[in-house]
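Undergrad: okay, structure incoming, though there's no sequence with it:
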């Protein structure tokens with residue numbers, strides 16, 4: 001119990017101590033541990049210990065609980081329904097056939113991928129008949145470009161590469177959903193929290209985020225995402241949980257809707273209570289996230305995220 005409290009308290013002071021805030025990523029695991037300790041203490045009639053463990057569980061549950069409810073859309077509501085998949089495909093995966101098969105059978109409208117190797121990109125060409133529209137810079141001059149968008153819907157504008165010559169890489173596209181409706185979709189990948197790189201001297205950080213390389217990349221990404229249209233979707237691996245300062249600041253900076261569901265995705269080989277929800281699907285404007293679940297285990301070290309979206313409006317006959 002002492003270790004659980006220590007992790008929780010270290011995360012609390014993370015705003016003042018760079019890299020300490022990453023312990024907040026484990027709030028879900030701390031909550032599970034505290035719940036089990038509470039039950040054990042109650043069974044043993046250790047009332048004081050049960051109260052202490054229950055307090056810790058309540059605190060962590062308050063921290064991780066989604067701040068908004070998932071929208072419930074009536075079956076016959078006017079609008080467009082889309083299916084999206086986000087996946088960190090793991091650059092060093094030894095095989096790709098299961099990933100290609102999964103994506104090919106997913107019935108997704110839009111797919112956002114990170115950590116795409118040149119080998120996986122080549123394998124994905126077999127899906128181009130189903131996804132004739134695609135954007136990436138994988139295999140080009142920049143070996144940091146590992147992001148890719150696939151769409152069965154027309155792409156009318158697109159871009160791929162570093163932001164002003166700096167990381168992270170962002171691949172984005174304006175997608176024609178109906179003859180009168182477009183949405184902007186972007187995919188990116190933020191550096192790990194413990195990467196010990198010095199931020200740029202003039203780096204500007206989002207409020208409440210740590211002054212680290214991850215914090216700098218998040219601020220740089222947030223500034224770019226504000227340039228997307230009012231109705232937009234962000235797909236990606238942020239290497240941070242929904243309740244972390246990194247993700248909360250990114251959402252606030254871009255006016256993204258609050259995340260309504262927790263879907264742990266990493267590491268894929270761990271049992272569900274031990275995984276971290278570091279992959280994300282964010283929406284804003286009229287684009288509503290109506291479902292978010294983790295997909296099957298593949299050769300990647302991440303599980304895919306399967307999302308369903310709803311865009312209200314009169315659909316063409």
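TA: Alright, I've got the coordinates. All figures in this text were calculated on a predicted structure; none of them were measured in a lab.

Undergrad: pLDDT weak spots in the stretch 1-150 of the chain?
TA: Scanning the stretch 1-150 of the chain for pLDDT under 70 picks out 1-21.

Undergrad: can you show me the helices along it?
TA: Secondary structure of the stretch 1-150 of the chain (DSSP state H, counting those that start in this stretch): helices at 2-12, 27-43, 47-64, 97-104, 118-124.

Undergrad: make JSON lines out of those helices and add mean neighbour count and distance to residue 301.
TA: Backbone N, C-alpha and C define where each C-beta goes, glycine included. Listed next are the helices of the stretch 1-150 of the chain as JSON lines, based on neighbours: other Cβ atoms under 10 Å; distance: least, Cβ to Cβ, whole Å:
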{"stretch": "helix 2-12", "mean neighbour count": "15", "distance to residue 301": "23"}
{"stretch": "helix 27-43", "mean neighbour count": "18", "distance to residue 301": "18"}
{"stretch": "helix 47-64", "mean neighbour count": "16", "distance to residue 301": "22"}
{"stretch": "helix 97-104", "mean neighbour count": "17", "distance to residue 301": "12"}
{"stretch": "helix 118-124", "mean neighbour count": "17", "distance to residue 301": "14"}
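
Undergrad: including distance to residue 283, could these go into TSV?
TA: Below are those laid out as TSV (distance: least, Cβ to Cβ, whole Å):
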stretch	distance to residue 283
helix 2-12	27
helix 27-43	22
helix 47-64	20
helix 97-104	21
helix 118-124	25
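
Undergrad: closest one to residue 277 among these?
TA: helix 27-43 (7.5 Å; Cβ to Cβ).

Undergrad: what is that closest one packed up against?
TA: helix 2-12, helix 47-64 (3 or more Cβ pairs under 8 Å, 6 or more residues apart in numbering; DSSP states H and E).

Undergrad: ok, the closest residue to residue 79 other than its chain neighbours to residue 220 distance?
TA: Spatially, and ignoring its direct neighbours in sequence, residue 79 is nearest to residue 312 (4.2 Å; Cβ to Cβ, 6 or more residues apart in numbering). Computed as Cβ to Cβ, to the nearest Å, the residue 312 to residue 220 distance reads 32 Å.

Undergrad: can you check residue 90 too?
TA: Distance from residue 90 to residue 220, by Cβ to Cβ: 24 Å.

Undergrad: residue contacts, residue 29?
TA: 273, 274 (Cβ atoms under 8 Å, 6 or more residues apart in numbering).

Undergrad: could you look up the SS state of residue 194?
TA: Put simply, residue 194 is coil when judged by DSSP: H, G, I helix; E, B strand; the rest coil.

Undergrad: is it in contact with residue 22, as I believe?
TA: Yes: contact criterion Cβ atoms under 8 Å: residue 194 and residue 22 qualify, at 6.6 Å.

Undergrad: more neighbours: these two, which one.
TA: residue 22 (23 against 11; other Cβ atoms under 10 Å).

Undergrad: just checking, the more buried one touches residue 195?
TA: No: contact criterion Cβ under 8 Å: residue 22 and residue 195 do not qualify, at 10.9 Å.

Undergrad: roughly how far does residue 279 sit from residue 133?
TA: Counting by Cβ to Cβ, the gap from residue 279 to residue 133 is 23 Å.

Undergrad: of those two, who's got more company?
TA: residue 279 (26 against 18).

Undergrad: give me the phi and psi for that one.
TA: Dihedral pair for residue 279: phi -100, psi 150, per degrees, to the nearest 10.

Undergrad: leaving out sequence neighbours, find the closest residue to it.
TA: Per Cβ to Cβ, 6+ apart, closest to residue 279 is residue 265, 4.4 Å.

Undergrad: surely residue 25 touches residue 276?
TA: Yes: counting by Cβ under 8 Å, residue 25 touches residue 276, with 5.8 Å between them.

Undergrad: what touches both of these two?
TA: Common neighbours of residue 25 and residue 276 (Cβ under 8 Å, 6+ apart) are residue 241.

Undergrad: state the phi and psi torsions of the residue nearest to residue 79.
TA: According to degrees, to the nearest 10, residue 312 has phi -70, psi 150.
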